[in-house]
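**Student:** Provided below are the primary sequence and the corresponding predicted coordinates.
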Amino acid sequence: MLVEAAERDALSTLCAELPELRAECSRLPEEQRLLLRRIEDQARARRPVLPLLRILLGADPDETRRALSSGLPDAGPGQAAEERFECPDGACARVALSPYPAGPIPRCLLTGQPMRGQ
């Protein structure tokens, strides 16, 4: 169960910070860009991502958990919100915040599915 909790936390962080991680990886060698694509594919299929994140971040298991708990590289703070949305299938704990009431529903950055309102 601990592994499942660690994977859920990793997926939550990955989903929340995916745009920043994509931007960062776009400036890195092709090997890292391909690795990020593989991580996204694994996450989309709801398979473990921690081993691949360890490789991408160049960290051992403890360092990876610390890096994920403090945010992925180049990830900034969130924004204030009027509405909150959660993962469409509950696979992660990501919460998307929308500053516009009754605005467009955020979508999962991995699956493209609309997120669920809280």
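**Tutor:** Perfect, I can see it now. Numbering: from 1, shown residues only.

**Student:** Please report the number of neighbouring residues for the closest residue to Ala6 other than its chain neighbours.
**Tutor:** Leaving aside its chain neighbours, Ala6 sits nearest to Leu50 (6.2 Å; criterion: Cβ to Cβ, 6 or more residues apart in numbering). Just so you know, the C-beta spots here come from the backbone N, C-alpha and C atoms, and that holds for glycine as well. As a burial measure, Leu50 scores 19 neighbours (other Cβ atoms under 10 Å).

**Student:** Where do the strands of the protein begin and end?
**Tutor:** 83-86, 95-98, 116-117 (DSSP state E).

**Student:** how about low-confidence regions in this structure?
**Tutor:** 1-3, 61-82, 99-102 (pLDDT under 70).

**Student:** What's the local residue count around the residue nearest to Met115 when sequence neighbours are not counted?
**Tutor:** The shortest distance from Met115 to any non-neighbouring residue, by Cβ to Cβ, 6+ apart, is to Phe85 (3.7 Å). For Phe85, the tally of surrounding residues (other Cβ under 10 Å) stands at 20.
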